[in-house]
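[1] What would the 3D arrangement of this be:
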Amino acid sequence: MQLDILTPEKKIYEGDVYGIYLPGVSGYFEILDKHAPMVAALGEGEMKILTDKTSSESYNIKGGFLEMNNNKAVVLIEGAEKK
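    Numbers count the residues shown, from 1 in each chain. This next block holds a predicted model:
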């Protein structure tokens with residue numbers, strides 16, 4: 001699936017990924033390839049980008065939103081710090 005991660009200042013990530021693990025306002029959830037369309041509010045916590053089945057990148061985020069549609073995920077966040 002295609003993933004774009006954006007902050008008000010810059011684009012943090014763009015590329016094809018296996019999935020993403022996100023801090024929702026009610027707990028963590030995971031989005032994988034071909035997930036159903038959805039919009040979700042994000043809380044503060046660790047966001048993990050699953051680049052493939054064995055490797056990942058992690059960021060601490062400060063809340064935002066996720067939109068998933070047509071196998072493309074767009075994550076809009078207030079700020080992120082790479083772990």
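
[2] Please work out how many residues are found near the residue lying closest to Lys34 once chain neighbours are set aside.
    Spatially, and ignoring its direct neighbours in sequence, Lys34 is nearest to Asn71 (5.8 Å; C-beta to C-beta, 6 or more residues apart in numbering). Quick note: C-beta positions are derived from backbone N, CA and C, even for glycine. Neighbour count of Asn71, defined by other C-beta atoms under 10 Å: 12.

[3] again with Met38
    Neighbours around Met38, by other C-beta under 10 Å: 12.

[4] in the protein, which spans are strands?
    2-6, 11-16, 19-24, 27-32, 38-50, 56-69, 72-77, 80-82 (DSSP state E).

[5] Using JSON lines, lay out those together with mean pLDDT.
    Output for these, formatted as JSON lines (pLDDT from 0 to 100):
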{"stretch": "strand 2-6", "mean pLDDT": "97"}
{"stretch": "strand 11-16", "mean pLDDT": "94"}
{"stretch": "strand 19-24", "mean pLDDT": "96"}
{"stretch": "strand 27-32", "mean pLDDT": "96"}
{"stretch": "strand 38-50", "mean pLDDT": "96"}
{"stretch": "strand 56-69", "mean pLDDT": "95"}
{"stretch": "strand 72-77", "mean pLDDT": "97"}
{"stretch": "strand 80-82", "mean pLDDT": "90"}
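
[6] and Thr51, how far is that from Lys82?
    14 Å (C-beta to C-beta, to the nearest Å).

[7] joint contacts of those two?
    Glu57 (C-beta atoms under 8 Å, 6 or more residues apart in numbering).

[8] More neighbours: those two, which one.
    Thr51 (16 against 9).

[9] Can you report phi and psi for the more buried one?
    phi -70, psi -30 (degrees, to the nearest 10).

[10] who touches it in this structure?
    Thr51 makes contact with 15, 17-18, 57, according to C-beta under 8 Å, 6+ apart.
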